[in-house]
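here is a sequence together with a model predicted from it:
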Amino acid sequence: MAVLNIREIGDPVLRTRAKDVVKITDKTLRLIDNMCSTMIENEGIGLAAPQVGVSQRVIVLREGGEDENNCRALINPKIVEQKGKKTAEEGCLSIPDRRGLVARAKKITVKALNKKGEKISIQAEEMLARVIQHEIDHLNGVLFVDKLIEMEDQFDNLTKTR
């Protein structure tokens, strides 16, 4: 598995809506494996395909520990239910050394495909819900700096790149 380069703010792929995965191929599975390696190597807890330069609706999530076997992929994820609201600090591998407060749903239900192409439904709360929402935003060309509640001066130029 390869560790891929992470695209940073200013790269147009981060502002483009990713395309649905029509068919899960060996190339898709390699992408997922490489995304998992990249996320773990960079000490991330989630990663979206656009962050590695691929405009496809694929995200990976770390489910505890640093073992790659704890990496879960969601293909064509869609939030179908949201409940509550919670504000917390976020950061992003594509915007290094920047953090800020973002309000997100506290609980969500997501429908997606797994690596085998099976339809799955996930109910997530708290941190997992936040990570999934953050990564799905990436698939829609949205960065966390677009949703900041408390903006610092350092973020002013970042949001204007949209």
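Happy to help now that I have it.

could you use CA atoms for every contact and neighbour count after this?
OK.

can you point me to the longest strand in the protein?
Ranked by number of residues, the top strand in the chain under DSSP state E is strand 71-83.

can you show me the CA trace of whichever helix or strand comes after that one as CSV?
Scanning forward in sequence from strand 71-83 by DSSP states H and E, the next helix or strand is strand 86-92. Output for strand 86-92, consisting of C-alpha atoms alone and laid out as CSV, is shown next (Å, rounded to 0.1, in the frame of the first residue of the first chain):
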residue,chain,number,x,y,z
LYS,A,86,-22.8,20.3,18.9
THR,A,87,-19.9,22.7,18.4
ALA,A,88,-16.4,21.4,18.7
GLU,A,89,-12.9,22.1,17.4
GLU,A,90,-11.8,20.6,14.1
GLY,A,91,-8.7,20.5,12.0
CYS,A,92,-7.9,19.0,8.6
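
buried set for the helix or strand just after strand 86-92?
Helices and strands here follow DSSP H and E; after strand 86-92, the next one along the chain is strand 95-104. The neighbour-count check on strand 95-104 (16 or more other CA atoms under 10 Å) flags 95, 99-104 as buried.

looking at those residues, which one is closest to residue 137?
Nearest to residue 137 among the buried residues of strand 95-104, counting by CA to CA, is residue 104 at 11.2 Å.

ok, residues contacting the stretch of helix or strand residue 108 belongs to?
Applying DSSP H and E as the criterion places residue 108 in strand 107-113. With CA atoms under 8 Å, 6 or more residues apart in numbering as the contact definition, strand 107-113 has outside contacts at 74-84, 119-126, 129.

hmm, 6 Å instead?
The list of residues contacting strand 107-113 from outside it, by CA atoms under 6 Å, 6 or more residues apart in numbering, reads 74-83, 119-125, 129.

please apply the same query to stretch 70-88.
Contacts with stretch 70-88, where a contact means CA under 6 Å, 6+ apart, come from 20, 57-63, 101-114.

list the buried ones in it?
For stretch 70-88, the neighbour count (16+ other CA under 10 Å) marks 71-79, 82 as buried.
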